[in-house]
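S.K.: everything below, folded, please.
(2 chains)
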Amino acid sequence: MAACARVEGIYDKEHSLRDEREQIDAFKAEFSSLLASHGYSEACVFGIRLAFEEGLVNAFRHGNENDPDKPVRITYSIDSTEVHLQLEDQGAGFDPESVPDPTREENLEIPSGRGIMLMRAYMSEVVFIPPGNKLRMRYCRPDSK
Amino acid sequence: MGSVASRLRVTDEGGVARIEFIDRNILDEANIQQIGEEIGRIIDSQDAPKLLISFKDVEHLSSAALGTLITLTNRIKAKGGALKLADINSQIYEVFVITKLNKLFDIHETADEALSSFE
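M.R.: Below you'll find the model as predicted:
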């Protein structure tokens, strides 16, 4: 079995983020620094950060409906082989299957709907916990096996 | 008068508006909206707009930024103009490939190459 096979749900850090760029950037800087300190390459950090950014924007926009008083709860853990990240908004949830495939020819010119596919492209696992307001992502470091 | 600093550097290159971003990270929705409005004004000011957007120095961008680019290219096409993208680093180019937007946009390796491809 690969080294990256830890049971989900092990989070050792928690943050509550509001939709304020300074707060978000400070968290991302700390998060990126932790990833680098665990040996994650620049390319790994790029993908994880992008997935995080997309998840966070969806949580604020679609989950919390831009309510500045509603935070998004972030829980995560990082070790040298994998990253677990969970984002929980205060919305009613949604069905991720209802989002059309943005890569289909007829959808290419539609400006929205690419966040989830980018998360799925860059992360090893992306799961929306029903009713859909909790996003759980896992990243396995490719050279950790 | 507007006191908000521009997020773009815009130069005229023989009738082509060459646009570069001030920001290295195009992630913040308010900034993306501002960028969209600024480029929108350039489109509005020309009959058949010719725009070159250079991603020189851009390190991160989000799907919201891609969405704005799609909206802008649709507006440019509707006016019979052309939009070309250039100077996209390999990590960001991968985002275009994953989303298949490399098929939608006319992407060139360098700004000079993009400029010379305008008719």
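
S.K.: which one is B:Phe21 nearest to, not counting chain neighbours?
M.R.: With Cβ to Cβ, 6 or more residues apart in numbering or on different chains as the measure, B:Val58 is the residue that lies nearest to B:Phe21, at 5.5 Å, once sequence neighbours are left out. Where you see a C-beta, it was placed from the backbone N, CA and C, and this is true even at glycine.

S.K.: in contact with the one you found, which residues?
M.R.: B:Phe21, B:Asp23, B:Arg24, B:Asn25, B:Ile26, B:Ile88, B:Asn89, B:Ile92 (Cβ atoms under 8 Å, 6 or more residues apart in numbering or on different chains).

S.K.: next, the last one: secondary structure please.
M.R.: In other words, B:Ile92. In the three-state summary, B:Ile92 is assigned as helix, counting by DSSP: H, G, I helix; E, B strand; the rest coil.

S.K.: whichever of the contacts of B:Val58 end up buried, select them in PyMOL.
M.R.: In PyMOL, this line selects whichever of the contacts of B:Val58 come out buried by 16 or more other Cβ atoms under 10 Å in any protein chain shown:
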select buried, chain B and resi 21+23+25+26+88+92
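
S.K.: out of the contacts of B:Val58, which sit inside strands?
M.R.: Using DSSP state E, B:Phe21, B:Asn25, B:Ile26 are the members of the contacts of B:Val58 that sit in strands.

S.K.: which ones are touching the second one?
M.R.: If I follow you right, that is B:Asn25. Contacts were defined as Cβ under 8 Å, 6+ apart; by that measure B:Asn25 touches B:Val58, B:Glu59, B:His60, B:Leu61.

S.K.: tell me the contacts of the last one?
M.R.: B:Leu61 makes contacts with B:Asn25, B:Ile26, B:Leu27, B:Phe55, B:Ile92, B:Val95, as judged by Cβ under 8 Å, 6+ apart.

S.K.: is B:Ala111 in contact with B:Asp87, as I believe?
M.R.: Yes: here B:Ala111 reaches B:Asp87: they are 5.6 Å apart, a contact under Cβ atoms under 8 Å.

S.K.: need the overlap of contacts for these two.
M.R.: Residues touching both B:Ala111 and B:Asp87 (Cβ under 8 Å, 6+ apart) are B:Ser54, B:Lys56.

S.K.: can you give me the helices in chain B?
M.R.: Along chain B, counting by DSSP state H, helices occupy B:29-44, B:63-78, B:90-98, B:111-116.

S.K.: reformat the ones you listed as CSV; add distance to chain A and mean pLDDT.
M.R.: CSV is the format used below for the helices of chain B (distance: least, Cβ to the nearest Cβ, whole Å; pLDDT from 0 to 100):
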stretch, distance to chain A, mean pLDDT
helix B:29-44, 7, 95
helix B:63-78, 4, 97
helix B:90-98, 5, 97
helix B:111-116, 21, 97
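
S.K.: hey, which of those helices is tucked in deepest?
M.R.: Highest mean neighbour count of the helices of chain B: helix B:63-78, a mean of 20 (counted as mean count of other Cβ atoms under 10 Å in any protein chain shown).

S.K.: now for that one, which elements pack on it?
M.R.: helix A:42-58, helix B:29-44, strand B:50-54, strand B:82-86 (3 or more Cβ pairs under 8 Å, 6 or more residues apart in numbering or on different chains; DSSP states H and E).

S.K.: got JSON lines for those, with distance to A:Val99 too?
M.R.: What follows is the helices and strands packed on helix B:63-78, written out as JSON lines (distance: least, Cβ to Cβ, whole Å):
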{"stretch": "helix A:42-58", "distance to A:Val99": "10"}
{"stretch": "helix B:29-44", "distance to A:Val99": "19"}
{"stretch": "strand B:50-54", "distance to A:Val99": "27"}
{"stretch": "strand B:82-86", "distance to A:Val99": "25"}
